[in-house]
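**Q** Following is a predicted model, sequence given first.
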Amino acid sequence: MALQSILLLLVVLVIGTVQGYVAYDFLPVYRGRRYLISRNAEPFDLAKMNGRCRGSGGHLLKIDDYSEYRNLAYELSRMRDQSAIYTGITDLGIEGHFYNYNDKTPAGHLKWRRRQPDNWKGNENCVDISVWGFNDTNCGGNGRYMCEIPA
Ligand SMILES: [Ca+2]
Ligand SMILES: [Ca+2]
């Protein structure tokens, strides 16, 4: 292989590695789970982001019960950026039947924001979380996402 080809390959590898790097903020461990929030907003994709979480040994956020939600709402209230964060909850398939994308189990307790879910414009099949609760939102928006990983 010519030297130039090798250098080009190296440049491609380095750029690929840098672009593939995702910075996360870590929330305190709660009931044996660690929660990671991607630091930068980017186009959301359920399969892609869940794949990233799986690469870290977990999955996109699932909510088992009200106390898990309460803990997250408290932690989110302490963060500077309070914009909503994508979860792994979706109703793709049957409208209004919310489940966890990773394992297809029914979504646990969902503390919806006022007047949500509204399936706005018939096109809101993903769910985000913020200090105000859950909201169904477009699956292809720009945003951060949260992974849940055994601690
Ligand atoms: Ca929907
Ligand atoms: Ca909505």
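**A** Done, it's in. Ligands and ions are numbered 1, 2, ... in the order given.

**Q** For the protein, give me the ranges with low pLDDT.
**A** Within the chain, the segments meeting pLDDT under 70 span 1, 3, 5-20.

**Q** in this structure, which spans are helices?
**A** 3-20, 46-55, 66-77 (DSSP state H).

**Q** Write out the residues of this structure neighbouring ligand 2.
**A** Within the chain, the positions near ligand 2 by C-beta under 5 Å from the ion are 116, 118, 120, 124, 135-136. Where you see a C-beta, it was placed from the backbone N, CA and C, and this is true even at glycine.

**Q** Restricted to strands, list these.
**A** If you go by DSSP state E, the residues of the chain next to ligand 2 have 135-136 in strands.

**Q** Which residues of this structure lie near ligand 1?
**A** Within reach of ligand 1 by C-beta under 5 Å from the ion, the chain has these residues: 91, 119, 124-125.

**Q** From the chain's centroid, how far away is stretch 112-124?
**A** Taking C-alpha atoms, centre = their mean, to the nearest Å, the mean C-alpha location of stretch 112-124 is offset from the chain mean by 18 Å.

**Q** and for that stretch, what are the contacting residues?
**A** Stretch 112-124 is contacted by residues 91, 95-96, 98, 125, 127, 130, 132-138 when judged by C-beta atoms under 8 Å, 6 or more residues apart in numbering.

**Q** closest to residue 27 among those residues?
**A** Within the contacts of stretch 112-124, the smallest distance to residue 27 is 14.0 Å, found for residue 130 (C-beta to C-beta).

**Q** And residue 55, how far from residue 121?
**A** Separation of residue 55 from residue 121 (C-beta to C-beta, to the nearest Å) stands at 33 Å.

**Q** cool, residue 148 as well?
**A** Computed as C-beta to C-beta, the residue 148 to residue 121 distance reads 29 Å.

**Q** Which of the two has more residues huddled nearby?
**A** Between residue 148 and residue 121, residue 148 has the larger neighbour count (other C-beta atoms under 10 Å), namely 26 against 7.

**Q** My guess is residue 105 contacts residue 97. True?
**A** No. If you go by C-beta atoms under 8 Å, residue 105 and residue 97 don't touch, sitting 11.9 Å apart.

**Q** ok, now which ones touch the residue nearest to residue 79 when sequence neighbours are not counted?
**A** Spatially, and ignoring its direct neighbours in sequence, residue 79 is nearest to residue 25 (7.4 Å; C-beta to C-beta, 6 or more residues apart in numbering). When contacts are counted by C-beta under 8 Å, 6+ apart, residue 25 is found next to 36-37, 39, 79.
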